[in-house]
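Predicted structure and sequence below. I'll ask about it afterward.
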Amino acid sequence: MRLCSSFSWVPLLVASSTPKAAAPYMQLWIGATNLRMDKKREEGKEPIAKEREGSVKFKPEVHQMQKLVTTETSGGWENCWEQGLTPWDLGRPTPIILHLHQTGALPKGRALVPGCGSGYDVVAMACSERYVVGLDVSHTAIEKAIELSSSLPNSSYFTFLKADFFTWHPPELFDLIFDYTFFCAIEPGMRSRWACKVQEMLKPDGELITLMYPISDHVGGPPYKVSVSDYEEVLHPMGFKAVTIVDNELAIEARKGREKFGRWRRDTTQSIL
Ligand SMILES: C[S@@+](CC[C@H](N)C(=O)[O-])C[C@H]1O[C@@H](n2cnc3c(N)ncnc32)[C@H](O)[C@@H]1O
């Protein structure tokens, strides 16, 4: 089965033997090129791609982006942004974040979005009861986020900062940290440091929300494959426990079945013995 997307950081191919999780991708035929390929296939002219079982293959733009990020000694992300190589960018807020915000299901207070990119989720969550900080290591990303959002009516409830998540020290702790496509963007060897920083930046009763993507078994990255146990492995030692872990029913079509929604809190009850 061949799966295509003309716009985002989604698998291009999924093995024909990939089970249920891949099924939603079968419906994904976006763009004129893909429609032509679909027709060819119907006519039997297009060979069906044979892929390793359970693996996904990303579109060429993702490979270019990976090369920049992994081979540049520094500034790989900045180069991606400068060159417009941002295949992960949805161009709109993440649907589940909009839903949680609109239904009053997000913690109020101060929120942080690390690796915020264009900042759609930052803007979507910001309101009089929630001040949101969007952080990105790329100057160009931050400039774009500011440009996209500066004239919005809620602009006094958010801010964008160019900073490295791993070295930044916030002036105040957060009630909420929302991570989407940041955990999978950093090298897997950095995940323990990611969890330390999350713990350091959250209030003791604060909440971490993770959208875990891509749940896959592909090799390399970014995006590096993730699993719930990858998060548990680094968050449990920091005292976080999952309060909720469910499939993200509101994932964009191309990511459905490969994305889980998690809410995490620290167990602050102390033994008196
Ligand atoms: C895959 S993109 C995701 C962007 C955004 N979350 C989204 O879903 O559109 C990862 C982002 O993390 C940023 N980033 C990478 N390393 C970072 C770091 N150490 N500190 C802050 N941002 C970082 C990159 O510049 C990039 O914008």
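Perfect, I can see it now.

Mind giving me the packing neighbours of the helix or strand harbouring K241?
Using DSSP states H and E, K241 sits within strand 240-247. In terms of contacts (3 or more C-beta pairs under 8 Å, 6 or more residues apart in numbering; DSSP states H and E), strand 240-247 is packed against helix 191-201, helix 228-235, strand 260-266. To be clear about C-beta, it is placed using only N, CA and C from the backbone, and glycine gets the same treatment.

for the last one, what is the average pLDDT?
Meaning strand 260-266. Mean per-residue pLDDT for strand 260-266: 98.

Show me what it packs onto, helices and strands only.
Under the contact rule (3+ C-beta pairs under 8 Å, 6+ apart), strand 260-266 is packed against strand 202-212, helix 228-235, strand 240-247.

quick one: which of those is nearest the ligand?
Ranking those by proximity to the ligand (C-beta to the nearest ligand atom) places strand 202-212 first, at 8.6 Å.

Extract the C-alpha set from the closest one and format it as PDB.
The C-alpha coordinates for strand 202-212 follow below in PDB (Å, rounded to 0.1, in the frame of the first residue of the first chain):
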ATOM      1  CA  LEU A 202       7.100  22.400  36.400                       C
ATOM      2  CA  LYS A 203       5.500  23.300  39.700                       C
ATOM      3  CA  PRO A 204       5.300  20.200  42.000                       C
ATOM      4  CA  ASP A 205       1.500  19.900  41.200                       C
ATOM      5  CA  GLY A 206       2.000  20.900  37.600                       C
ATOM      6  CA  GLU A 207       1.000  18.800  34.600                       C
ATOM      7  CA  LEU A 208       2.900  17.500  31.600                       C
ATOM      8  CA  ILE A 209       0.900  16.800  28.500                       C
ATOM      9  CA  THR A 210       2.600  14.700  25.800                       C
ATOM     10  CA  LEU A 211       1.300  13.900  22.400                       C
ATOM     11  CA  MET A 212       3.500  10.900  21.700                       C
END
